[in-house]
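Peer 1: give me a model of this one.
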Amino acid sequence: MRGRFFAVCRYEFRMQIRKRSLWLSTAGLAVLIAVAQGDRGPRHLPAAADAARVMGSWALLFSMLLPIGFGMVLADRLVRDHRLGAASLLASLPTRPGALVAGKYAGSVAATAVPALLVLLVTAAGEFVHRGDPALFLWAVVAFAVVLLPGLAFVAAFALVCPLMFSAPLFRVLFAGYWFWGNLLGPNYLPSLTGTLLTPIGDYPASWLIGERALYAGAPGWLSFLRPEPGGGAALLSVVLLAVLATPPLVFASPLLARRTSS
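Peer 2: Purely as a prediction, here's the structure:
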């Protein structure tokens, strides 16, 4: 069972990592937001800023847009198996549907995580030229793990499964709308999940790295019980909740796949 899971995961990773759309969208969005960050972005942090603050700020900046590209790329992944006729072949293999879905999910997350991590490491190299602090590379990995990766895992679960219920183009439109409403729209303008523990943009972990409130983390608004003061405990709780919320779509993926295969 474990061997089959890793086989599916390895195959999915190798196929996804070769997609030019993944690399082009990641690079394009990273360059766009780095250039358009304004005078309050991490590029303008004081020279005395520590490495954790610098890389936490960069990770939060990239997490504003990069997950949108990841969601768009992954949206047709499972649907494409049916369109190309591969779903019936995969269903005939001696692999349980749950292991197949889990392997595809893990492989997709790993593949999309690679360019995201590289973006932060390249950024750390650029900061190292000016700051000369080798700890930037260590904190780049930490920032990726706690700010970008949980949001990516959350987005990937819904991007893979939701298009099984409706079309991938419709999911992309709804996902883009959700992302700006649930992550970037201030809660004082409209009831929103922005600033809660459930926002996959990672502002709670980023607040822990930066040492102060990042973006809207803990800002007063709707669902106040999900808006504790930022800190290490709140950051950990946010990561755990995102992991828990990514589970339901994966649980429903197997019956959805079975229904599409039989129809």
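
Peer 1: C-alpha from now on. contacts and neighbour counts both.
Peer 2: Noted.

Peer 1: which residues touch the closest residue in space to Pro205 that isn't next to it in sequence?
Peer 2: Computed as C-alpha to C-alpha, 6 or more residues apart in numbering, the closest residue to Pro205 that is not its neighbour in sequence is Ala235, at 4.5 Å. Residues in contact with Ala235 (C-alpha atoms under 8 Å, 6 or more residues apart in numbering) are Leu197, Tyr204, Pro205, Ser207, Trp208.

Peer 1: what do you get for Lys104?
Peer 2: Counting by C-alpha under 8 Å, 6+ apart, Lys104 touches Val8, Cys9, Glu12.

Peer 1: before we move on, the earlier item: got a winner among the contacts of Ala235 for most neighbours?
Peer 2: Among those, the one with the most neighbours (other C-alpha atoms under 10 Å) is Tyr204, at 38 neighbours.

Peer 1: helix or strand: which one has it?
Peer 2: Using DSSP states H and E, Tyr204 sits in helix 203-210.

Peer 1: coming back round to it: got the angle for whichever strand or helix holds the residue nearest to Pro205 vs helix 203-210?
Peer 2: Ala235 is part of helix 232-245 when elements are defined by DSSP H and E. Angle of helix 232-245 versus helix 203-210, following axes from the mean of the first three to the mean of the last three C-alpha atoms, to 10 degrees, is 150 degrees.

Peer 1: C-alpha coordinates for helix 232-245, CSV please?
Peer 2: Provided in CSV are the C-alpha atoms of helix 232-245 (Å, rounded to 0.1, in the frame of the first residue of the first chain):
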residue,chain,number,x,y,z
GLY,A,232,3.8,31.8,18.2
GLY,A,233,0.7,29.9,19.5
ALA,A,234,-1.7,31.6,17.1
ALA,A,235,0.7,30.9,14.2
LEU,A,236,0.9,27.2,15.0
LEU,A,237,-2.9,27.0,15.4
SER,A,238,-3.4,28.7,12.0
VAL,A,239,-1.1,26.1,10.4
VAL,A,240,-2.9,23.2,12.1
LEU,A,241,-6.4,24.5,11.1
LEU,A,242,-5.4,24.9,7.5
ALA,A,243,-4.1,21.3,7.4
VAL,A,244,-7.4,20.2,9.0
LEU,A,245,-9.5,22.2,6.5
